[in-house]
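# turn this into a structure:
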Amino acid sequence: MTDSKYFTTTKKGEIFELKAELNSDKKEKKKEAVKKVIASMTVGKDVSALFPDVVNCMQTDNLELKKLVYLYLMNYAKSQPDMAIMAVNTFVKDCEDPNPLIRALAVRTMGCIRVDKITEYLCEPLRKCLKDEDPYVRKTAAVCVAKLHDINAQLVEDQGFLDTLKDLISDSNPMVVANAVAALSEIAESHPNSNLLDLNPQSINKLLTALNECTEWGQIFILDCLANYTPRDDRESQSICERVTPRLSHANSAVVLSAVKVLMKFMEMLPKDLDYYGTLLKKLAPPLVTLLSAEPELQYVALRNINLIVQKRPEILKHEMKVFFVKYNDPIYVKLEKLDIMIRLASQANIAQVLAELKEYATEVDVDFVRKAVRAIGRCAIKVEQSAERCVSTLLDLIQTKVNYVVQEAIVVIKDIFRKYPNKYESVIATLCENLDSLDEPEARAAMIWIVGEYAERIDNADELLESFLEGFHDESTQVQLQLLTAIVKLFLKKPTETQELVQQVLSLATQDSDNPDLRDRGYIYWRLLSTDPVAAKEVVLAEKPLISEETDLIEPTLLEELICHIGTLASVYHKPPSAFVEGSRGVMHKRLPARTGSGEGTESPDVGNVAGGSAPEAAPSIIPSQGDLLGDLLNLDLAPPTTTGPPPPTSGMQMGGMDLLGGGLDSLMGAGFGAAPAVMPASLNAPVGGGLGDLFDLGGGVGMPMGAYIPPKTVWLPAMKAKGLEISGTFARRAGVIQMELVLTNKAMSVMTDFAIQFNRNSFGLAPAGPLQVLTPLGPNQTIEVSLPLSTVGPVMKMDPLNNLQVAVKNNIDVFYFSCQYPISMLFVEDGKMERQVFLATWKDIPNDNESQFQIQDCHLNSDAASNKLQGSNIFTIAKRTVEGQDMLYMAIKLSNGIWVLAELKMQAGNPNYTISLKCRAPEVSQCVFQCYEAVLKN
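This next block holds a predicted model:
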């Protein structure tokens, strides 16, 4: 019979019955009962009441039963630390059991129980297990040291476990060596400047010996460790490369990429005229090509890494162009990545082949892929000069297809070809002008306007063409408006007599009728230039332009070097350094490739770990201005717009040390019990260290990755009967720091609807559309279209009732319709709302008690960690957490887009579905809306 029976029950008083079964004298009955308890725990039932009864079952020789009890302990020890101590004696006894499996199980479980009170009892058994005769126990104990270090670093250092770990690198068993390396690497990551992995030729030799015999994940740990070593000279480099090269033929792609990383790094030190250097280049190609026959997800990771390798050493894959040709059944993300690499490998030798392939892609059905293929043809023209003519004729063939998006992309890339080869291909301008009417994308319109302005003297009706664009000047995007302004000024300087009216018209539109500061400034500059010194204007505006470079999208060399040192990790997939996306307390190591040295010079280059110590200086910490200046009155019309629209830079919180902004001693405000903030940690840092080390029972708690922001479900804002057949429903979302109004427009009338536009009335937080409502195609009868409208918060302000009310006008070819909707205030919570703990304390104390509002959130079943995670997805940041008499208290900070700060205290008790929330703010009228957001986020 399967184990599914343990998950079904029809009994009442289940806990009581399980209690009786757990205390049964019959071993089988006991085991069945523990299985039922684990099943209940797995589906989320609270069986913590059975803690003492389950712990009593530990005294058994049955390995299966012992594993189950340990599993239960790991889950509930954190919430019942006092009870967990009852189990310590059994752990200590099990660590001396004759069966090595039980010894290892005991030490592994003790490492997973993250309770401070237990850690001191763990030291003695752990010390014995680190010197155990059985390698299985030693390898488990090595990982346990890293877990213990995560809980209590000082204890590990005082007990001398780090020295014992270093000794394990010389162990006779390769798996013990691999786990010791993994544990030391993990500990070293949180202490970048400590020289824990003291790598020298002797220890490197031991690692390379173990490399041949340990499991695949052990090999990865050892290879990653080797990649942090800087050899003394090219001889040592070559010797290491020779011993690592066999790993390239491993079946596991992670081992292959780790080996490639080591070889790419150590090749830097080999002289290029060395025979072995050429041999190594040839050996690197086949394993990379093999990775491309895996499933699409692995292919994508391999391609992202190959993209970096090709930028550093294109010669490795220069003869392998064909493997990057796109297959019909490749997913789009693989196709786009292959396309990128094809262009990087394009050369005079293979350009004919590449162009034929790209022309084929341009007739595909996938729009994104076709666009990228057309761009690729243009990039080939810029990269390989001999192919430019062939590329231009290919682009002209594509323009003749009259497929709208193909024509638009072709015009964008032809503009770049003109920039690269001036006065060479201008004969095609006439063909381009024929397609003026079909351009509807800002980038294509801007490119065409640039071409008309740049070559105005060759186009007879240039003034008419530009005038046609000018008619809808205010509806154009900023990019097109700026380009149009410049093009008409160029035209005026080339044909002053015919275009005087046109230039005056555009200057007046740009300076007097526009509210875009960039456009206004450029307009004024041109106006003053033209009115004071037309000759100087000609020299400035019609100056010789620098040719555009061959590769505009190459990664900057120092970043490329760092990414090469991170091949096979997330950094190599994101093409960003780890510091850009890893937050938390751990220091980020900035890695660099070693400098090339001559043979036998024996340069003493410091270990990479030390190089990391001297990483780039951090930007000065940002400081929150005193709250009194910043918050002002909610109704103040002159609220400054936010300084950034994107997400904040990935520095840690507000680094303010103990700066006292608001007076009054900070240290004693909340006493020592005020726990440290549960920092936003990546999952890898937060799970106990064993996570990647094949740890069967790795259930360690802690705050995980934040969830996504809460987006309310779409509701109908404007019913069809009130809007002559137009139905509008929608919601609001915040993505990557940008507020979006997500609209669904449905035409329930019999006529076609066109010419959509949208406008907001003044509102409490200055919400306004950041661009026009992009409904690109006419909306036919019974058709529905989804539109995402980005919003800014720099519009005019007026207090609304309720505060989050928004009045909207939507126009189409039939009429203007009005409706109002309410946006969740969480859309205005910005990404830089973290606050230093001490600033939080001082601010809380400084805001008058009259401004505090208290609310009840009912019927919510989350623990404090889950609640904190959920709220963080909506930019509600937990600053600190403490537990008083079984009640968890989360202290949180929120920053609104207009600079208002809201501080919150959320009280929750295990088993009680009702939470209490206290909100403090200098503008107390926002508290009700903030409470509604808390309720919505926690309950959905």
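# residue 204: which element?
Assigned by DSSP states H and E, residue 204 belongs to helix 201-211.
# which other residues reach that helix?
Helix 201-211 has contacts (CB atoms under 8 Å, 6 or more residues apart in numbering) with 169-170, 174, 177-178, 181, 218-219, 222-223, 225-226, 229, 232, 236, 240, 243-244, 247. Just so you know, the C-beta spots here come from the backbone N, C-alpha and C atoms, and that holds for glycine as well.
# mind running it again at 10 Å?
Counting contacts by CB atoms under 10 Å, 6 or more residues apart in numbering, the residues outside helix 201-211 that touch it are 166, 169-178, 180-181, 197, 199, 214, 218-219, 221-223, 225-226, 229, 231-232, 236, 239-240, 242-244, 246-247, 255, 259.
# what's the pLDDT at residue 587?
Note for residue 587: predicted pLDDT of 49.
# for residue 494, same thing?
Per-residue pLDDT puts residue 494 at 88.
# I'd say it and residue 503 touch.
No. Applying CB atoms under 10 Å, one finds residue 494 not in contact with residue 503, separated by 11.4 Å.
# off-centre distance for the helix holding residue 204?
The chain centre lies 36 Å from the centre of helix 201-211; the measure is CA atoms, centre = their mean, to the nearest Å.
# and for stretch 225-240?
Worked out by CA atoms, centre = their mean, stretch 225-240 lies 33 Å from the chain centre.
# identify each buried residue in that stretch, please.
Judged by neighbour count using 16 or more other CB atoms under 10 Å, the buried positions of stretch 225-240 are 225-232, 234, 236-240.
# repeat that for stretch 808-816.
For stretch 808-816, a neighbour-count test (16+ other CB under 10 Å) marks 808, 810, 812, 814 as buried.
# so where's this protein shaky on pLDDT?
1-13, 192-195, 550-553, 584-590, 595-707 (pLDDT under 70).
# distance to residue 723 and secondary structure for the buried residues of stretch 808-816 - can I get that in a markdown table?
Converted to a markdown table, these look like this (distance: CB to CB, whole Å; DSSP: H, G, I helix; E, B strand; the rest coil):
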| residue | distance to residue 723 | secondary structure |
| --- | --- | --- |
| 808 | 12 | strand |
| 810 | 8 | strand |
| 812 | 9 | coil |
| 814 | 9 | coil |
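# of the contacts of helix 201-211, just the buried ones, ChimeraX syntax please.
With 16+ other CB under 10 Å as the criterion, this ChimeraX line picks the buried residues out of these:
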select :169,171,173,174,175,176,177,178,180,181,197,199,214,218,219,221,222,223,225,226,229,231,232,236,239,240,243,244,247,255,259
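# just curious, which of the buried residues of stretch 808-816 is nearest to residue 55?
residue 808 (61.2 Å; CB to CB).
# dump the residue contacts of residue 554.
Going by CB under 10 Å, 6+ apart, residue 554 touches 311, 344, 560.
# can you classify it by secondary structure?
Following DSSP: H, G, I helix; E, B strand; the rest coil, residue 554 is assigned to coil.
# go on, residue 185?
Relying on three-state DSSP, one would call residue 185 helix.
# next one: it from residue 221, what distance?
Remark: distance between residue 185 and residue 221 (CB to CB, to the nearest Å) = 7 Å.
# residue 901 too?
Applying CB to CB to residue 901 and residue 221 gives a distance of 44 Å.
# residue 862 versus the residue nearest in space to the middle of the chain, what's the distance?
When CA atoms, centre = their mean is applied to the chain, the residue found nearest the centroid is residue 581 (5.5 Å). Note on residue 581: its distance to residue 862, by CB to CB, is 26 Å.
# pretty sure residue 530 sits against residue 503.
Yes. With contact defined as CB under 10 Å, residue 530 reaches residue 503; the gap is 7.4 Å.
# which residues are in contact with each of the two?
489, 492-493, 496.
# any of these buried? List them.
By 16+ other CB under 10 Å, those give 489, 492-493 as buried.
# could these go into TSV alongside secondary structure and distance to residue 888?
Conversion of these to TSV gives the following (DSSP: H, G, I helix; E, B strand; the rest coil; distance: CB to CB, whole Å):
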residue	secondary structure	distance to residue 888
489	helix	64
492	helix	69
493	helix	70
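# quick one: the strands in the protein, in order.
Taking DSSP state E to define them, one finds strands in the chain at 715-718, 726-735, 738-747, 757-760, 768-769, 784-792, 805-811, 816-822, 852-857, 877-884, 887-895, 901-909, 915-921.
# now the last one: buried residues?
To tie it back to what came earlier, the one meant is strand 915-921. Per 16+ other CB under 10 Å, strand 915-921 contains these buried residues: 915-921.
# and for stretch 782-798?
Neighbour-count burial for stretch 782-798 [16+ other CB under 10 Å]: 785, 787, 789, 791-795, 797.
# got those as CSV, with distance to residue 896 columns?
As requested, these are arranged in CSV below (distance: CB to CB, whole Å):
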residue, distance to residue 896
785, 32
787, 26
789, 21
791, 14
792, 14
793, 9
794, 14
795, 15
797, 12
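# so which residue of this protein lies furthest out from the middle?
Residue farthest from the centre of the chain, counting by CA atoms, centre = their mean, is residue 497 at 54.8 Å.
# tell me the contacts of residue 305?
Residue 305 touches 253, 256-257, 260-261, 264, 288, 291, 563-564, 566-569, 572-573, 575, counting by CB under 10 Å, 6+ apart.
# circling back to that earlier point, nearest to residue 45 among the strands of the chain would be which one?
Here strand 901-909 is closest among those (CB to CB), at 18.1 Å.
# quick one: that closest one to chain centroid distance?
On CA atoms, centre = their mean, the centre of strand 901-909 falls 27 Å from the chain's centre.
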